[in-house]
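Engineer: give the three-dimensional model of this entry:
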Amino acid sequence: MPEQLTQHEISSQTDPSVAKQWDNEAPMSTQFGDFYSIADGIKVCLLSAYRNGTGPVGRSMAVAKRTGPDFLFLANAHSQKFQEIEKNPEVQITFQNSSTQDWVSVTGKATTTSNSDPRIKDIWSQGTRAWFGDLGDGKHTGGPEDPRMKLIEIKATYISYWKAQVGALGFMKEVVGAAITGGVANTGVLRHMLEEDIERERSNRS
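Structural biologist: Numbers count the residues shown, from 1 in each chain. A predicted model of the protein is given here:
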């Protein structure tokens, strides 16, 4: 049910939609588990890097592999994002489920690898060729040995996400009810994990 806006939230300049859905009581195992579930269920995210003279620039990327809170992407070394990451390694990746409205935002530090990284062969698939093309010279084939084929690895430093707690009908009822009563819609849980939480999770999984 919608929750009433309070005078304290106005006086303290609190965003009520954040405060009323904020959840810092769930165990870390639950928080990370829900994060993994949302990200793994979407698979394609928006990777944003900072381009000097322009600002943040995003592009759609398919996740090649997730290991705990960290992400690997196969990418073309000729892409401008490699230059952006070299100059500004702090990046953001975001996921959103258009059906449930679940979303994830991951801030992290990106590094790139050479084509000799053995993980490329582990995560490469035939479908990857479609995004690289085959020049027919036996070298630029779109295969794992193609020198254009490199990895971007993002190690998370901050994670936030929102997870729906109601279905589509419940969401609409909550929003309409809040609009009629002057309350604040409460449709899910908003959580975040700080760098120390992420480091602990990474250590627990190693």
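Engineer: could you point out the longest strand in this protein?
Structural biologist: strand 149-164 (DSSP state E).
Engineer: that one packs against which elements?
Structural biologist: Of the remaining helices and strands, those touching strand 149-164 by 3 or more CB pairs under 8 Å, 6 or more residues apart in numbering; DSSP states H and E are helix 28-42, strand 70-76, helix 80-87, strand 103-112, helix 119-123, strand 188-193, helix 195-205. C-beta coordinates here come from the backbone N, C-alpha and C atoms, glycine included.
Engineer: tell me the strands beside it, with direction?
Structural biologist: Strand pairing for strand 149-164, using DSSP bridges, gives strand 70-76 (antiparallel), strand 103-112 (antiparallel), strand 188-193 (antiparallel).
Engineer: nearest to K87, of those strands?
Structural biologist: In terms of CB to CB, the element of the strands paired with strand 149-164 nearest to K87 is strand 103-112, at 11.2 Å.
Engineer: quick revisit: I'd like the helices and strands packed on strand 149-164 as JSON lines, with mean neighbour count and distance to Q4 appended.
Structural biologist: Below are the helices and strands packed on strand 149-164 laid out as JSON lines (neighbours: other CB atoms under 10 Å; distance: least, CB to CB, whole Å):
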{"stretch": "helix 28-42", "mean neighbour count": "16", "distance to Q4": "27"}
{"stretch": "strand 70-76", "mean neighbour count": "20", "distance to Q4": "40"}
{"stretch": "helix 80-87", "mean neighbour count": "16", "distance to Q4": "46"}
{"stretch": "strand 103-112", "mean neighbour count": "19", "distance to Q4": "26"}
{"stretch": "helix 119-123", "mean neighbour count": "15", "distance to Q4": "50"}
{"stretch": "strand 188-193", "mean neighbour count": "19", "distance to Q4": "18"}
{"stretch": "helix 195-205", "mean neighbour count": "14", "distance to Q4": "32"}
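Engineer: can I get the ones you listed in JSON lines with mean pLDDT and distance to A19?
Structural biologist: What follows is the helices and strands packed on strand 149-164, written out as JSON lines (pLDDT from 0 to 100; distance: least, CB to CB, whole Å):
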{"stretch": "helix 28-42", "mean pLDDT": "96", "distance to A19": "18"}
{"stretch": "strand 70-76", "mean pLDDT": "97", "distance to A19": "30"}
{"stretch": "helix 80-87", "mean pLDDT": "96", "distance to A19": "35"}
{"stretch": "strand 103-112", "mean pLDDT": "98", "distance to A19": "18"}
{"stretch": "helix 119-123", "mean pLDDT": "95", "distance to A19": "40"}
{"stretch": "strand 188-193", "mean pLDDT": "93", "distance to A19": "9"}
{"stretch": "helix 195-205", "mean pLDDT": "94", "distance to A19": "21"}
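Engineer: mind putting those into a markdown table with distance to A130?
Structural biologist: Formatted as a markdown table, the helices and strands packed on strand 149-164 follow (distance: least, CB to CB, whole Å):
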| stretch | distance to A130 |
| --- | --- |
| helix 28-42 | 20 |
| strand 70-76 | 12 |
| helix 80-87 | 19 |
| strand 103-112 | 22 |
| helix 119-123 | 15 |
| strand 188-193 | 35 |
| helix 195-205 | 32 |
